[in-house]
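> need the 3D shape of this:
(2 chains)
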Amino acid sequence: QQQVKQSPQSLIVQKGGISIINCAYENTAFDYFPWYQQFPGKGPALLIAIRPDVSEKKEGRFTISFNKSAKQFSLHIMDSQPGDSATYFCAASLNQAGTALIFGKGTTLSVSS
Amino acid sequence: GAVVSQHPSRVICKSGTSVKIECRSLDFQATTMFWYRQFPKQSLMLMATSNEGSKATYEQGVEKDKFLINHASLTLSTLTVTSAHPEDSSFYICSARNRDRGEKLFFGSGTQLSVL
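Okay, the predicted model is just below:
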């Protein structure tokens, strides 16, 4: 019930291409779904987040698509750049102060130039 | 805004010693902070929830006597790894939720602990 399943484990995309990472959750009580970007030796940085009352959210080159009925959400990175090469984590939680995030296992993205 | 500072960034210690890691919210108050542990190429695993002015809540399997957490103020939480052993070597990351910025959770830059 508390798991967040993320795929793929690794992804190689050519520069300018679209990177797509998928996540699925089980707990229907989750109502906050962020994506984090992490570079080696650094803490995760919040990229974009969505609530279940919307099906899509876009910020620059990053878009979250959310399918409440399927309990799935995905991150799309448009026009992928070598600087986007990092590990990406999806997460989920209850949107309550004091509630911890449950993370997916991560996707290592490599964007070739 | 919403900066979480974690110190030190890297520490090497001998087996049997104790190590303290600090997590500070620099420009906001955090009644709750979270401590995560991350092994190489793996996800973040929640260790404990640190509540200002009260005892921390530990996740199943995390030894509270080994990983001491103190949240003495609204801007500071500390994690002390007591009697560290090589298997405690890991990347430790703290995070804090900014009450003024809704549900967003901000992370420190992490501490790489190596126990010899």
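> in the helix or strand harbouring B:Thr78, what's buried?
Using DSSP states H and E, the element containing B:Thr78 is strand B:76-81. Neighbour counts using 16 or more other C-beta atoms under 10 Å in any protein chain shown place B:Leu76, B:Ser77, B:Thr78, B:Leu79, B:Val81 of strand B:76-81 among the buried residues. Using the backbone N, CA and C atoms, a C-beta is placed for each residue, glycine as well.
> in its sheet, what does it sit against?
The strands beside strand B:76-81 in its sheet (DSSP bridges) come out as strand B:19-25 (antiparallel), strand B:67-73 (antiparallel).
> could I get the last one in CSV with only the CA atoms?
What it means is strand B:67-73. Listed in CSV are the C-alpha atoms of strand B:67-73, where the atom choice follows Å, rounded to 0.1, in the frame of the first residue of the first chain:
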residue,chain,number,x,y,z
PHE,B,67,20.4,6.9,15.4
LEU,B,68,19.7,9.6,17.9
ILE,B,69,17.5,12.5,16.6
ASN,B,70,17.1,15.8,18.3
HIS,B,71,14.9,18.6,17.1
ALA,B,72,15.5,21.3,19.6
SER,B,73,14.3,24.3,17.6
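> residues of it that come out buried?
B:Phe67, B:Leu68, B:Ile69, B:His71.
> try the first one
Under the neighbour-count criterion of 16+ other C-beta under 10 Å, strand B:19-25 has B:Val19, B:Ile21, B:Glu22, B:Cys23, B:Arg24, B:Ser25 buried.
> which pLDDT does the model give the second one?
Translated: B:Ile21. Model confidence at B:Ile21, given as pLDDT, is 97.
> contact partners for it?
B:Gln6, B:His7, B:Pro8, B:Val11, B:Thr78, B:Leu79, B:Thr80, B:Val81, B:Tyr92, B:Cys94, B:Thr111, B:Leu113 (C-beta atoms under 8 Å, 6 or more residues apart in numbering or on different chains).
> export these to CSV and tack on distance to A:Lys105 and pLDDT?
Output for the contacts of B:Ile21, formatted as CSV (distance: C-beta to C-beta, whole Å; pLDDT from 0 to 100):
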residue, distance to A:Lys105, pLDDT
B:Gln6, 23, 96
B:His7, 28, 96
B:Pro8, 27, 97
B:Val11, 26, 97
B:Thr78, 28, 95
B:Leu79, 23, 97
B:Thr80, 28, 97
B:Val81, 24, 97
B:Tyr92, 19, 97
B:Cys94, 21, 95
B:Thr111, 22, 97
B:Leu113, 22, 97
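> quick one: is whichever helix or strand comes after the strand holding B:Thr78 near chain A?
Per DSSP H and E, the first helix or strand lying C-terminal to strand B:76-81 is strand B:90-97. Yes. Using C-beta under 8 Å from any C-beta of the partner chain, we find that strand B:90-97 touches chain A at B:Phe91, B:Ile93, B:Ser95, B:Arg97.
> that concludes my questions; thank you for your assistance.
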